[in-house]
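# predicted model and sequence below, questions to follow.
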Amino acid sequence: MATIRKRGTKWQVQIRRAGFPTISRSFLKKTDAAQWARHWETKADRNELPANTKALNSFSLAQLVERYRDEVVITKRGAADETVVLNAFLRDPICGKKLSVLCTADFAAYRDKRLRSISGVTLQRQLAPLSNMFNIAKREWGIPLSTNPLSDLRIRAPDNKRERRLRKGELERLISAAKKTRNCLIIHMVLFALETGMRRGELLALSWQHINLDRCSVTIPMAKNGHSRTIPLTPRAVALVRSFGRARDEVFPISANALRLSWTRLTKRAGIGDLHFHDLRHEAISRFFEFGLTVPEVALISGHRDVRMLMRYAHANISALCNKISSTPAPTY
């Protein structure tokens, strides 16, 4: 890869690597030439050579985004939502830039503009697939990018993790409000979510073939993280399943949008504010901990593969903790 040859009174070094421009320099001493060659060979091994601007000049950011959308995104479970985000991004003038001149400063300007209308958390979520796109382009598509321009971009976003749990009397109000509706499906989903800790999408995708009442379990073939898991059913969950009708293959035959609208109407009728459907999963996981289940046992039910993420859901009832502490014998000093 490094070639050292004498030309006249000087030693010339050339560094060649496929996909990158040739680098050359001349030295009076051969030892200096060899040292410089070793330096750039090390950079080449670390993939730190300067980008080939001629090759990058033939690609625009828009072309890269379109290829990523059409080849990678379509294989994802959340393809529809991610496609909408990328199509909106393609309408921004930044997509007209060539990869040879695209840099972090361009995305910093885009960031500042977008933060006038959306939150930092939302912007982080929208830029995540673009960062993955640059990594794939560099590693798998052979596009000679020297760096990922989004890797050094900083977005200040507050930690907006939710700790919302059902307050005293709220479940009873939800049940009471549900009795005044013609569709009992929504309250069935609420109660089943509280017993299993399943996500909304997992509930909507649940079919009768996934439920085994003999073993008191339900299998989720494909969860959010791409893995399957089996959840043990509590006696109340089993009773709920037995009460459901089997008119269709789906246990809960309702669309995601219909569920969203039904949940909004239900919480409004119950007079409950700031309660998301996903908070039911938070409530269920916290209850599992309060029941005395260990972290591995709760992770088996919830599907979390990262304990740190799991602990974000584990918010025990303060009153229950106070009772536990009060019942503990005081030490003698």
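Right, received. Where do you want to start?
# in which helix or strand would I find residue 64?
In this structure, residue 64 is located in helix 61-71 according to DSSP states H and E.
# mind giving me the packing neighbours of that helix?
helix 79-90, helix 120-139 (3 or more CB pairs under 8 Å, 6 or more residues apart in numbering; DSSP states H and E). C-beta coordinates here come from the backbone N, C-alpha and C atoms, glycine included.
# reformat those helices as CSV; add distance to residue 189, mean neighbour count and mean pLDDT.
Shown next, in CSV, are these (distance: least, CB to CB, whole Å; neighbours: other CB atoms under 10 Å; pLDDT from 0 to 100):
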stretch, distance to residue 189, mean neighbour count, mean pLDDT
helix 79-90, 21, 15, 92
helix 120-139, 25, 17, 92
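# restrict the helix holding residue 64 to CA atoms and write it as PDB.
Extracted as PDB, the C-alpha positions of helix 61-71 are listed here (Å, rounded to 0.1, in the frame of the first residue of the first chain):
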ATOM      1  CA  LEU A  61     -27.500  13.600   0.400                       C
ATOM      2  CA  ALA A  62     -30.900  13.100  -1.200                       C
ATOM      3  CA  GLN A  63     -29.600  10.100  -3.200                       C
ATOM      4  CA  LEU A  64     -28.200   8.500   0.000                       C
ATOM      5  CA  VAL A  65     -31.500   9.000   1.900                       C
ATOM      6  CA  GLU A  66     -33.600   7.600  -1.000                       C
ATOM      7  CA  ARG A  67     -31.400   4.500  -1.200                       C
ATOM      8  CA  TYR A  68     -31.500   4.000   2.500                       C
ATOM      9  CA  ARG A  69     -35.300   4.400   2.500                       C
ATOM     10  CA  ASP A  70     -35.800   2.000  -0.400                       C
ATOM     11  CA  GLU A  71     -33.300  -0.700   0.600                       C
END
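# any idea of the angle that helix forms with helix 79-90?
Note on geometry: by axes from the mean of the first three to the mean of the last three CA atoms, to 10 degrees, helix 61-71 and helix 79-90 are set 170 degrees apart in direction.
# how far off helix 120-139 does helix 61-71 point, in degrees?
Between helix 61-71 and helix 120-139, the angle formed by their directions is 90 degrees, by the same axes, to 10 degrees.
# so, low pLDDT: which residues of this protein?
1, 17-21, 43-55, 157-160, 224-226, 313-333 (pLDDT under 70).
# tell me, what residue is most central in it?
Taking CA atoms, centre = their mean as the criterion, residue 125 is the residue nearest the geometric centre of the chain, at 7.8 Å.
# just to revisit the earlier point, for the helix holding residue 64, buried residues please.
By neighbour count, with 16 or more other CB atoms under 10 Å as the criterion, the buried positions of helix 61-71 are 61-62, 64-65, 67-69.
# hmm, back to that, adding distance to residue 26, write the helices and strands packed on helix 61-71 out as CSV.
Formatted as CSV, the entries for the helices and strands packed on helix 61-71 read as follows, by distance: least, CB to CB, whole Å:
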stretch, distance to residue 26
helix 79-90, 46
helix 120-139, 31
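# so which of the ones you listed is nearest residue 229?
Across the helices and strands packed on helix 61-71, the minimum distance to residue 229, taken as CB to CB, is reached by helix 79-90, at 22.4 Å.
# of all the helices and strands packed on helix 61-71, which lies closest to residue 3?
Distances from residue 3 to each of the helices and strands packed on helix 61-71 were compared by CB to CB, and the smallest falls on helix 120-139, at 26.1 Å.
# give me the contacts around the closest one.
64-65, 68, 72-73, 82, 85-86, 89, 107, 111, 114-115, 118, 143-145, 148-151, 153, 155-158, 160 (CB atoms under 8 Å, 6 or more residues apart in numbering).
# next: stretch 176-186.
Contact with stretch 176-186 is made by 187, 190, 252-254, 259, 262-263, 265-266, 269-270, as judged by CB under 8 Å, 6+ apart.
# tell me where the stretch 151-300 of the chain has strands.
With DSSP state E, counting those that start in this stretch, the ranges of strands along the stretch 151-300 of the chain come out as 211-212, 217-220, 229-232.
# sorry, back to before: mark which of the contacts of helix 120-139 are buried, thanks.
With burial judged by 16+ other CB under 10 Å, the buried subset of the contacts of helix 120-139 is 64-65, 68, 72-73, 82, 85-86, 89, 107, 111, 114, 143-145, 148-150, 153, 155.
# and stretch 170-185, which residues are buried?
Neighbour-count burial for stretch 170-185 flags 170-171, 173-174, 177-178, 185 (criterion: 16+ other CB under 10 Å).
# can I get these in JSON lines with distance to residue 229?
JSON lines is the format used below for the buried residues of stretch 170-185 (distance: CB to CB, whole Å):
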{"residue": "170", "distance to residue 229": "28"}
{"residue": "171", "distance to residue 229": "26"}
{"residue": "173", "distance to residue 229": "32"}
{"residue": "174", "distance to residue 229": "27"}
{"residue": "177", "distance to residue 229": "32"}
{"residue": "178", "distance to residue 229": "28"}
{"residue": "185", "distance to residue 229": "24"}
